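>>> fold the following and give me the result.
(chains A and B)
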Amino acid sequence: MIEQLSDRVNADAGLVRRGRFLSTTYLLEVGTTPWLISIVDGRVAAVTRGPFVMPSWAFALRAPEDEWAKFWEAHPLPGSHDLMAMIKRRVLKAEGDLQVFMANLRYFKESLAKLRATGASA
Amino acid sequence: MSARFEPITGRYMHLELFGRPHRIYVEEAGQGVPLLCLHTAGSDGRQYRALMNDATITAQHRVIAFDMPWHGKSSPPEGWHDEEYQLTSQQYTTMILAVMKALQLDKPIVMGCSIGGRIVLHLALEHPEEFRAIIGLQAGAHVDPYYDLNFLHRPDVHGGEVCAAIVSGLVGPNAPTKERWETLWHYMQGGPGVFKGDLYFYKLDGDIRDRVAQIDTGRCPLFLLSGEYDYSCTPEETMAVAASVKGSEATIMKGLGHFPMSEDPEAFIGHLRPVLAKIAAANK
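Here you go, the predicted structure:
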């Protein structure tokens, strides 16, 4: 499912345009499975499943599998409907160089919401 | 399409606050019982435009919203360029009472959202006789910081973009697209560090947990309305205030978020009307 991120993000011209100054690699941890997601000029260039031996990433977003599953429901319940809501509940941990994450927060919220059943925006 | 004007009047009021001259932008519409509306942190009085355009409300209420200093069309005071803006409980209370006095409002209903919802709890505690009734929207006694507030004001993060992105999930999922993005646009337009400065009150200075139970609704009725999708002031936090303030009335507004009056005015006004009717009946 996470592999679909590149197709879904790259198909949204508005989202890619908003991310045009963003090039980074971040770690998305879904339970015990790590994924490296590389973004180049707003396009998702690579989605790679771990485990990794020596992964390099700017920042990491880590949450249990069931919490991501709730976030990716078509109509998430309150508290599971937004990355900041999950951070507030202390179930999503954001760590690393968060300047990249915060400077492009709308991009990351909307791109990860692309994995929702409907592909609806955040 | 021919031009159409809304029934809202906007004026600039010159007023001394905290010993310094200020130029405060005030909007109002309607006649009758004054309903003074307080905007959220990092936004401005535009959040209450729908209320001022609702004839069922303005037929019996003079709806007033002012932009706090540093917000909207109210400028910061002279000298601001060398200062760090930080809102305190004392300044916030002083400002509201001064605006009321300047506008000669006789026992208004005061309604505030978020930081406004917090300060009305302070007003309920310290100045209940000044008000006919108090309405707290998204009102909680305290919010723990859940992100590094420094990200709201630093040169390598665009302030407008990050402020809107921080609060975007606070808008309920079913809010109409137009109103959702209008609400977020207000956040995108805030001055550098202003949202952060307001949150000083919200997350640090304005903590009222140890005193909230002392609010006496016999001196001034207290109504609490909170949106279901708010994770800043959660429904549980509003219900905790309701549980500790005897005689208060709380409603959790299904589907709504942190900005009910601007994200989904129609749904919000549906919840507000019965509250205003109750206040009117009690004052007959």
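>>> alpha carbons only for contacts and neighbour counts from here, please
Noted.
>>> all strands of chain B, in order?
Listed in chain order, the strands of chain B (DSSP state E) span B:9-17, B:20-29, B:33-38, B:61-66, B:109-113, B:133-137, B:222-227, B:249-253.
>>> do the same with chain A
Under DSSP E, chain A gives strands at A:24-30, A:33-40, A:43-49, A:59-63, A:93-96.
>>> mind listing the strands the third one pairs with, and their directions?
Its sheet considered, strand A:43-49 pairs with strand A:33-40 (antiparallel) by DSSP bridges.
>>> cool, and the fourth one?
Paired with strand A:59-63 in the same sheet, following DSSP bridges, are strand A:24-30 (parallel), strand A:93-96 (antiparallel).
>>> one step back: now the strands of chain A as CSV including mean pLDDT?
Converted to CSV, these look like this (pLDDT from 0 to 100):
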stretch, mean pLDDT
strand A:24-30, 98
strand A:33-40, 98
strand A:43-49, 98
strand A:59-63, 98
strand A:93-96, 98
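>>> tell me the contacts of residue 94?
All of this refers to chain A. A:Phe59, A:Ala60, A:Leu61, A:Arg62, A:Ile87 (C-alpha atoms under 8 Å, 6 or more residues apart in numbering or on different chains).
>>> meant chain B, my bad for not saying
B:Thr94 neighbours (C-alpha under 8 Å, 6+ apart): B:Leu17, B:Phe18.
>>> how about the residues of the stretch 51-200 of chain B by chain A?
Proximity of the stretch 51-200 of chain B to chain A, by C-alpha under 8 Å from any C-alpha of the partner chain, involves residues B:Tyr146, B:Tyr147, B:Phe151, B:Asp156, B:Val157, B:His158, B:Glu161, B:Val162, B:Ala165, B:Ile166, B:Gly169.
>>> I'd like those written out as TSV, with distance to B:Gly218, neighbour count and pLDDT added.
Formatted as TSV, these follow (distance: C-alpha to C-alpha, whole Å; neighbours: other C-alpha atoms under 10 Å in any protein chain shown; pLDDT from 0 to 100):
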residue	distance to B:Gly218	neighbour count	pLDDT
B:Tyr146	35	14	91
B:Tyr147	38	13	95
B:Phe151	43	20	98
B:Asp156	51	11	98
B:Val157	48	20	98
B:His158	47	17	98
B:Glu161	44	20	98
B:Val162	42	22	98
B:Ala165	41	24	98
B:Ile166	38	21	97
B:Gly169	37	24	97
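>>> where does the prediction get shaky in chain A?
Counting by pLDDT under 70, the low-confidence segments of chain A come to A:119-122.
>>> would you map the helices across it?
A:5-10, A:13-18, A:65-71, A:83-88, A:98-103, A:105-113 (DSSP state H).
>>> kindly report the same for the stretch 151-284 of chain B.
B:159-167, B:177-188, B:194-200, B:235-244, B:260-263, B:265-282 (DSSP state H, counting those that start in this stretch).
>>> so which of the ones you listed is the most packed in?
Counting by mean count of other C-alpha atoms under 10 Å in any protein chain shown, helix B:260-263 has the highest mean neighbour count of these, with a mean of 27.
>>> contacts for that one, please.
With contact meaning C-alpha under 8 Å, 6+ apart, helix B:260-263 is reached by B:47-51, B:137, B:171-172, B:175-176, B:179-180, B:182-183, B:227, B:256-257, B:267-269.
>>> helices of the stretch 1-150 of chain B, start to end?
Counting by DSSP H, counting those that start in this stretch, one finds helices in the stretch 1-150 of chain B at the ranges B:49-52, B:55-58, B:89-102, B:115-126.
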